[in-house]
Each structure stands twice: as C-alpha cells, then as structure tokens.
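Asker: only geometry, no sequence info:
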C-alpha cells in the first residue's frame, strides 16, 4: 500500500508484511519458532510476530544469516510485490557464546544505509557473569572491559525502573522465559536509551542470551526518577551511610543504590559468601529468615564485612523488605540494606 512521506512502506502478502527501506531487528535468541521482531530502525516493536512481518519468500535470507553468522545479500527476483527487484540484506549479530543472537534485515532499492547500533550480551545466572560485545553500539560504549559480575552491571546505569523485575525473572529461571525493557545509561556523549531483550531456553534456563539496541532516536533518555534523586540527596547529606538492594534468597548484592562502601571487597570475582565474617553468618541467616517471614525490618549491629586489604570493616545494617510483583504481597524477593559505617574505636 502507499506510504506517506517518511512513513515505512509496507507490502502485504496475505497476513504477512515486509517493511521496505527500514532495518528490522529480529532476535534469534532461542529456537527458530520463538524468533520475533524487536524493532523497526530504532522504534521498539517488542516481540512482534516474525511470521506477520517477514514474508515466507524472504525467510531463507534471514535463516542463511542466522545459520552462517555472516552478512547475506540477495537481489530479489522480479515479481508483483513491492519488493520486486530490490536488494535484501541480512546482517548476523553474534553473541559472546559465538551463537547468532539477532539478525538485522533490510529490503529496499539501492544500497542499504548503515544499520542501527546493536550489541549482544550473555548472562549466566549461576555466576551472575555478564559479557557484552559492545562494538556494534559504537565508540561511546567502549568501556575498556567486556565482563561485569553481579552489581557491577549497573556501573553506567542512570535509570532502570524494571531492574528488580528482570532480576526476579532471571532468578526464577523458568525455562523459555523472556524479558524486554528500556535502560538509560551514561556515556561520554550523554545519556542514551538502550532496549534490552533477553531469553533463556529449555535446555539451559540459567543461560540468558540477549541484545542491547540503542533506541535513543525513538525513546528519549529518562533522567533519574524523583524518588532516586531524593535518595541520592539523602545519602549525600549523610556521610557514612550507604544503600544496597540484596536478594533474600542467597543474600547477594543486586545493585548499589548509593556508591559502594569504600574499601569493601564486593566486586569482580569475589565469592560473596566470604564477604561477612564467619562469626556473623548466623546473624545474617536469622535476618534473612525474619525478613522472608514478614518482619518489617531487622537490624544487624557491629556486622563485620571483608575489606580489600584482608581485614574487616565494621558496620551497622538495617534491612527492610522491598515490595515486588503485581500486588506487592508474598515472600519478598528483595530487601533494602542501609549500611552505616561505624566510627573507628579510639585507642
């Protein structure tokens, strides 16, 4: 059908459509029957039906790119369709596991423009290790590293309202799960909006393949929420106070709300089971049990946590459950830990 100026041109083939002159981002994170369209250029189309978007006659080009991991170009034959005689181009995006996580597909006259920026990533929910192939997002996303573990993943995040929703889905690891949402991140060029889409599989539900697409041109970056800005002000006015979100299942730091406690040995490959002093672990387990049983808060005075020099930092901790889910009831998956540094004892 005809398109107005600047609007995508759509060719109908039965119940199927192909958008001409625009890049389609097609996720291939699991088996072919689950593949879907995530974006048209930079406009999100979360989990849109692939069968209703790409005609059957063009599918071999998509599957060839997904199978080979290479760029595939085909000159389409003359036909009665709007894409008659056009060029079809499919670019495979390979993830850190060397599997194709997505394919960018373009059909149109002449040569295609540069595809929108997209990166791939891989998360192992058991180790909380995230690896990102960021080259596709451009130099502003070159962090001089490719691996983040646990709460390190939030290092450059400005706003991520659905972070706990994602954390809960990943932790449950129900086979065949998926998640898609927006993250506002800091770069040397300013704030950018990334659309993150991730899936696990029935064969390994703890392994999450994903993509990160820069959709800033369609979705304006969102600055910190009023609540987050208020918390930031509170922390800045209370030196020695730090805030972290922890999961109540394994008592691990999910995200630092404030800056991390200075000198705390929490990052990188540190085994978080070694973070608390052995003599304090029973108190931590008691706090976890109480919070999961419905206690409104729990205090842990004089808690000793490992520092980066091999010694111990003494803190007072107050833990409060965070509501999560549609009605905020049930066993809390997460808790907010307020951590206050104790003044060193005078000799």
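Answerer: Structure received. If you're wondering where the values come from, they're calculated on a predicted model, not measured in any experiment.
Asker: C-alpha from now on. contacts and neighbour counts both.
Answerer: Noted.
Asker: What is the host helix or strand of residue 285 packed up against?
Answerer: Using DSSP states H and E, residue 285 sits within helix 281-292. Here helix 281-292 touches strand 298-306, strand 312-322, going by 3 or more C-alpha pairs under 8 Å, 6 or more residues apart in numbering; DSSP states H and E.
Asker: Next, the angle from it to strand 298-306.
Answerer: Helix 281-292 and strand 298-306 are oriented at 140 degrees to each other (axes from the mean of the first three to the mean of the last three C-alpha atoms, to 10 degrees).
Asker: what's the most buried one of the helices and strands packed on helix 281-292?
Answerer: Of all the helices and strands packed on helix 281-292, strand 312-322 has the most neighbours on average by mean count of other C-alpha atoms under 10 Å, namely a mean of 20.
Asker: contact partners of it?
Answerer: With contact meaning C-alpha atoms under 8 Å, 6 or more residues apart in numbering, strand 312-322 is reached by 264, 277, 287, 291-292, 295-307, 332-342.
Asker: Confirm for me that residue 189 is in contact with residue 140.
Answerer: Yes. Contact criterion C-alpha atoms under 8 Å: residue 189 and residue 140 qualify, at 6.5 Å.
Asker: Pick out whichever of those two has more residues nearby.
Answerer: For the pair residue 189 and residue 140, the greater number of neighbours falls to residue 140 (14 against 9), based on other C-alpha atoms under 10 Å.
Asker: quick one: secondary structure of that one?
Answerer: What DSSP: H, G, I helix; E, B strand; the rest coil gives for residue 140 is helix.
Asker: what sits against it?
Answerer: Taking C-alpha under 8 Å, 6+ apart, we find residue 140 in contact with 187-189.
Asker: What is the nearest of these to residue 196?
Answerer: residue 187 (16.5 Å; C-alpha to C-alpha).
Asker: Over to that closest one: give its phi and psi.
Answerer: Note on residue 187: backbone dihedrals following degrees, to the nearest 10 are phi -140, psi 170.
Asker: Number of residues surrounding it?
Answerer: Residue 187: 16 neighbours (other C-alpha under 10 Å).
Asker: Test my guess that it contacts residue 141.
Answerer: Yes. Using C-alpha under 8 Å, residue 187 is in contact with residue 141, at 6.5 Å.
Asker: quick one: buried residues of stretch 291-299?
Answerer: For stretch 291-299, burial by neighbour count (16 or more other C-alpha atoms under 10 Å) applies to 291-292, 298-299.
Asker: for the residues you listed, which one is nearest residue 133?
Answerer: Checking those against residue 133 by C-alpha to C-alpha gives residue 292 as the nearest, at 37.3 Å.
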